[in-house]
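what's the 3D shape of this:
(chains A and B)
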Amino acid sequence: AQTVTQSQPEMSVQEAETVTLSCTYDTSESDYYLFWYKQPPSRQMILVIRQEAYKQQNATENRFSVNFQKAAKSFSLKISDSQLGDAAMYFCAYRSTNFGNEKLTFGTGTRLTIIP
Amino acid sequence: DSGVTQTPKHLITATGQRVTLRCSPRSGDLSVYWYQQSLDQGLQFLIQYYNGEERAKGNILERFSAQQFPDLHSELNLSSLELGDSALYFCASSPNVGSGANVLTFGAGSRLTVL
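Have a look, this model is predicted:
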């Protein structure tokens, strides 16, 4: 079974600065997908960014980018120019490509605080 | 609005009771997933349905059951409720199976409080 570990329960960053959230995972599969979801105080789960394991290029979405290190099984999220609206819980998630195993497996989350 | 609709948004009930949570997936999505999020915890996968059939089962208690109807909406039934069942229950949907690229889109959740 796959596991996802987020070792930083809480992080804080000054507004306009850059912050990196860490995520590691364990799997024996060679092909899979990784995601970062954001959960603001509204509790809605919002997709931030997605990475396909077969792609060497790191995914980017505006101010959000990832550092995907497949050999190290590491998938960190970098938020540039942090904004107050970025304050939320951030969950890293793994998804297998295997038939019948399409669920997302989540880490325990990192609570990000933005300091004005 | 994510396109995934969950009702009710909030529910307060007593121990021993039974409740039903409802989910309507995004238009065109055949897969429905149920997750449980206890206070300040991560999301625990409960069960997945695809086009009316159970496809995968996670850490779902025997007191819980689910089904997906021909119109693709899904219901999660929680019975003999205990205090520890208080949580936020999420439904998510995705277009099909066999492609990990399909993103799961989440509803706003149903908050269950058991007193």
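
ok, A:Lys70 - contacts?
Going by Cβ atoms under 8 Å, 6 or more residues apart in numbering or on different chains, A:Lys70 touches A:Ala53. In short, each C-beta sits where N, CA and C put it, glycine included.

and it, how far from B:Leu112?
A:Lys70 sits 39 Å away from B:Leu112, going by Cβ to Cβ, to the nearest Å.

what strand or helix carries the residue nearest the centre of chain B?
Centroid-nearest residue in chain B: B:Trp34, 3.0 Å away (criterion: Cα atoms, centre = their mean). Under the criterion of DSSP states H and E, B:Trp34 resides in strand B:31-37.

for the residue nearest the centre of chain A, which three-state class applies?
The residue lying closest to the centre of chain A (Cα atoms, centre = their mean) is A:Trp36, at 3.2 Å. Assigned by DSSP: H, G, I helix; E, B strand; the rest coil, the conformation of A:Trp36 is strand.

follow-up on the earlier one: distance from whichever helix or strand comes after the strand holding B:Trp34 to the middle of the chain?
The first helix or strand that comes after strand B:31-37 along the chain, using DSSP H and E, is strand B:44-50. What separates the centre of strand B:44-50 from the centre of its chain is 7 Å, taken as Cα atoms, centre = their mean, to the nearest Å.

other residues contacting strand B:44-50?
A:102-105, B:30-38, B:54-60, B:64, B:66-68, B:74, B:76, B:96-97.

ditto for stretch B:68-87
Identification of contacts with stretch B:68-87 by Cβ under 8 Å, 6+ apart yields B:13-25, B:29-30, B:32, B:34, B:36-39, B:46-47, B:49-53, B:63-67, B:89, B:91, B:111-115.
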